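> got a sequence here, can you model it:
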Amino acid sequence: MASEEKSLNFIEQIIEEDIKNGLSQQKLRFRFPPEPNGYLHIGHASSIALNFGLGIDYQAPVNLRFDDTNPAKEEQEFVDAIKRDVQWLGYQWEHECYASDYFQQLYDWAVEFIKKGKAYVDSQTSEEMAQQKGTPSTPGVDSPYRNRSVEENLDLFERMKNGEFPEGTHILRAKIDMKSTNMLMRDPIMYRILHKHHHRTGDAWKIYPMYDWAHGESDYLEQISHSFCTLEFLPHRELYDWFLDQIYDNKSIRPKQREFARRNLSHTVVSKRKLLKLVEDKHVNGWDDPRMSTVSGLRRRGYTPASIRNFAHTIGIAKRDNLIDVSVLEFCIREDLNKTAPRVMAVLDPVKLVITNYPEGKEEWLDAENNQEDENAGFRKVPFSRELYIEREDFLEEATGKFFRLTLGKEVRLKNAYIIKGESVVKDANGNITEIHVTYDTDSLSGSGTEASQRKVSGTLHWVSIAHAIEAEVRLYDRLFTDESPDTHKGKDFLEFVNPNSLQVVTGYLEPSLKEAKNEDKFQFQRLGYFTVDKDSTDKRLVFNRTVSLKDTWEEKGKKEENIINNSLKEINKYFKVATQEERNAVEKAIGDELANVANFSLLQNTLKKNINNNKSSLLFSNYLLKYSALKTSDVETEILHKLYSMSLKSESPYVRLEVIKNLKNDEANRLEFSSQLDELKNSEKNEEVLNLLSQN
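Alright, predicted model coming up:
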């Protein structure tokens with residue numbers, strides 16, 4: 001390897017062990033094998049980084065092979081996009097290969113299988129075949145066509161190839177073991193009939209190989225030494241090896257399949273089917289929408305190849321599936337752009353600022369540092385004048401001592417310019433501030449060396465000169481989903497978690513140095529975040545995409561919601577200590593109002609699960625979660641919900657019993673299940689309020 005001292009991951013350990021056992025390092029060859037039925041996403045990027053990274057470390061070739069065995073879903077558009085993405089990520093393949101390159105060889109091998117009694121044509125319907133295949137706990141039974149003669153199988157298979165049969169009438173199956181504990185070994189399908197036009201072979205073929213048949217054999221034909229797949233292919237390894245057993249001649253390299261875990265990314269989805277759904281239902285504007293987890297979407301948003309490679313390196317390779325917080329990816333792009341992105345000034349929510357003692361008609365061109373992280377980045381000139389735009393949130397007419405921006409009677413510095421002091425405001429008929437009037441200290445210019453320029457003030461604001469500002473469309477992108485794991489909740493459609501605020505479009509005002517910015521140029525809008533020029537830009541109007549904010553606002557939001565949960569759990573103890581019903585109502589209302597502000601579905605679900613125990617405060621809190629939060633009874637697993645209801649009905653506290661009866665009253669789907677317990681409670685209940693509620697049911 002390139003570095004013997006570094007700690008090896010388990011994939012590298014496998015390779016090192018094989019070399020130790022006699023495999024020549026010159027025989028190492030890897031591959032990245034995408035199916036061209038969609039665009040690459042961040043999960044693919046990790047696999048690309050793994051395989052091409054191994055190629056770099058071991059100085060071994062890496063093939064880019066398209067597993068194009070399903071013409072019903074594959075298109076040349078996807079082939080072109082995949083090649084473009086791999087190269088953009090900074091990798092170059094040794095050979096560009098296609099499973100379709102091997103269609104004739106795969107067919108010839110299949111004929112040999114038939115001749116050796118290892119494959120047969122099955123003419124069952126898909127429903128019949130599913131029934132005879134059995135279940136994981138019951139063995140399958142032989143197909144009635146399993147013992148067809150070799151001659152009949154050869155005849156049928158050739159006629160399938162020639163297009164004589166409709167789709168679905170026949171398939172070719174490997175003859176293995178219908179009683180295998182591995183369902184994939186129960187006579188798997190090798191070929192199916194598809195009368196579809198193939199993007200490379202046209203209409204030459206009417207039958208197409210299944211993935212399991214084509215994949216390992218393609219690895220073998222290319223002499224791939226190690227075939228790395230994600231964990232869902234672990235059960236396929238036995239079949240991968242069985243197919244190789246039938247053709248391996250012991251003079252060639254035998255590919256070895258090994259598996260690594262998927263690294264799923266929070267607040268997004270990486271299933272091609274679900275990404276396609278987002279596109280088709282117009283939740284996003286195409287595969288390269290900057291909110292998508294596709295490589296092309298990330299690129300358009302402003303992510304760099306280096307940041308994605310660093311992300312893949314940071315999360316590493318594991319043996320268990322894991323959910324990686326998207327904040328890790330965001331950290332990687334912030335770290336990269338912090339070093340490379342020029343600093344510029346832009347205002348996205350403007351309010352007019354007038355420097356009343358600055359001469360009308362005067363303008364100055366001030367020096368501004370391009371990037372303090374890069375000593376070679378130099379300086380640029382920015383225009384300064386009497387009338388400026390600043391961010392509306394940077395001014396408060398009256399402010400507390402903790403507000404470190406502009407307010408009346410207070411001084412702040414304008415970035416690269418002068419110290420100003422708030423004097424007065426102008427308002428419209430509705431009381432909205434339309435102008436802020438300030439004065440400036442004429443001797444306080446940044447970098448001038450004067451005593452006034454070195455005065456310390458509480459804050460620094462960015463700004464743009466109104467007379468020189470460029471108008472631009474600015475697209476403020478945010479996370480596409482409100483939940484960290486939108487496609488893992490039983491009974492919930494992942495589309496229910498689409499963030500309605502994932503895109504806001506505003507008009508921004510930019511310093512004139514950005515006039516010549518080109519597609520994919522990247523900048524830090526000071527104090528606002530990192531932005532990149534979008535391909536929709538024209539000569540007349542620039543369009544910028546927000547890549548990422550300067551700070552992780554979602555982390556702050558997450559902490560706030562966790563604090564709401566924790567504080568509510570503490571507050572609920574007061575419910576049992578106060579003396580009057582009025583006080584209890586006040587405690588309940590305060591908790592209910594707070595819980596209504598928690599949008600994190602996973603947090604709500606996990607909190608409910610943790611608090612179903614015999615503690616009366618926990619049980620009351622759990623019932624409040626169902627009553628006031630976004631969590632519905634239909635969102636909770638039946639077993640967990642029934643446990644909550646059962647324990648609450650048996651609680652020593654009448655307040656808990658009261659709340660669970662209220663929840664059951666609104667839960668028609670589960671109320672009948674607890675009718676007997678409710679009847680028992682009527683006979684034993686001593687609390688008058690609970691009895692009154694029970695009598696209403």
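> C-alpha from now on. contacts and neighbour counts both.
Fine.
> where along the stretch 251-400 of the chain do the helices fall?
Remark: helices assigned in the stretch 251-400 of the chain by DSSP state H, counting those that start in this stretch are 272-280, 295-301, 305-315, 326-340.
> what angle separates the last one from helix 305-315?
Looking back up the chat, that one is helix 326-340. Using axes from the mean of the first three to the mean of the last three Cα atoms, to 10 degrees, the direction of helix 326-340 lies 140 degrees away from that of helix 305-315.
> tell me the contacts of the nearest residue to Tyr98 once chain neighbours are set aside?
Nearest non-adjacent residue to Tyr98, counting by Cα to Cα, 6 or more residues apart in numbering: Phe66, 4.7 Å away. By Cα atoms under 8 Å, 6 or more residues apart in numbering, the contact set of Phe66 is Pro33, Pro34, Glu35, Pro36, Val79, Cys97, Tyr98, Ala99.
> whichever strand or helix holds Lys570: which residues count as buried?
According to DSSP states H and E, Lys570 maps onto helix 553-575. Across helix 553-575, burial judged by 16 or more other Cα atoms under 10 Å covers Glu561, Glu562, Ile564, Ile565, Ser568, Leu569, Glu571, Ile572, Asn573, Tyr575.
> if we can go back for a sec, show me the contacts of Phe66 that map onto strands.
Of the contacts of Phe66, the ones assigned to strands by DSSP state E are Cys97, Tyr98.
> which one of the contacts of Phe66 is nearest Ile14?
Ile14 lies nearest to Pro33 out of the contacts of Phe66, by Cα to Cα, at 20.0 Å.
> any idea how far that closest one is from Lys196?
Note on Pro33: its distance to Lys196, by Cα to Cα, to the nearest Å, is 22 Å.
> look at these two and report which has more neighbours.
A count of neighbours by other Cα atoms under 10 Å puts Pro33 above the other of Pro33 and Lys196, at 24 against 18.
> so that one makes contact with Thr69?
No: shown here, Pro33 and Thr69 do not form a contact pair, counting by Cα atoms under 8 Å, at 11.9 Å.
> quick one: whatever helix or strand comes next after the helix holding Lys570 to helix 553-575, angle?
Sequence order places helix 581-595 as the next helix or strand after helix 553-575, per DSSP H and E. Counting by the same axes, to 10 degrees, helix 581-595 points 170 degrees away from the direction of helix 553-575.
> residues touching helix 581-595, excluding its own?
Residues from elsewhere that reach helix 581-595 (Cα under 8 Å, 6+ apart): 564-565, 568, 571-572, 574-576, 578, 624-625, 628-629.
> what's the closest of those residues to Gln257?
Looking across those and measuring by Cα to Cα, the closest to Gln257 is Ile565, at 45.9 Å.
> what residues of the helix or strand encompassing Asn606 count as buried?
Assigning secondary structure by DSSP H and E places Asn606 in helix 601-610. By 16+ other Cα under 10 Å, the buried positions in helix 601-610 come out as Phe601, Ser602, Leu603, Leu604, Gln605, Thr607, Leu608, Lys609.
> before we move on, back to that, how far does the helix holding Lys570 sit from its chain's centre?
25 Å (Cα atoms, centre = their mean, to the nearest Å).
> OK, contacts around the closest residue to Glu75 other than its chain neighbours?
Take Glu75 and drop its neighbours on the chain: the residue closest to it by Cα to Cα, 6+ apart is His199, 5.9 Å away. Contact analysis of His199 by Cα under 8 Å, 6+ apart lists Pro71, Glu74, Glu75, Gln76.
> model confidence for His199, exactly?
We have a pLDDT of 95 for His199.
> do the same with Ser3
So Ser3 comes in at 45 (pLDDT).
> go on, the one 4 residues further on?
Confidence at Ser7, expressed as pLDDT, is 81.
> in three-state terms, label the closest residue to Asn545 other than its chain neighbours for me.
Excluding the flanking residues, the one nearest Asn545 by Cα to Cα, 6+ apart is Arg475, at 4.9 Å. Classification of Arg475 using DSSP: H, G, I helix; E, B strand; the rest coil returns strand.
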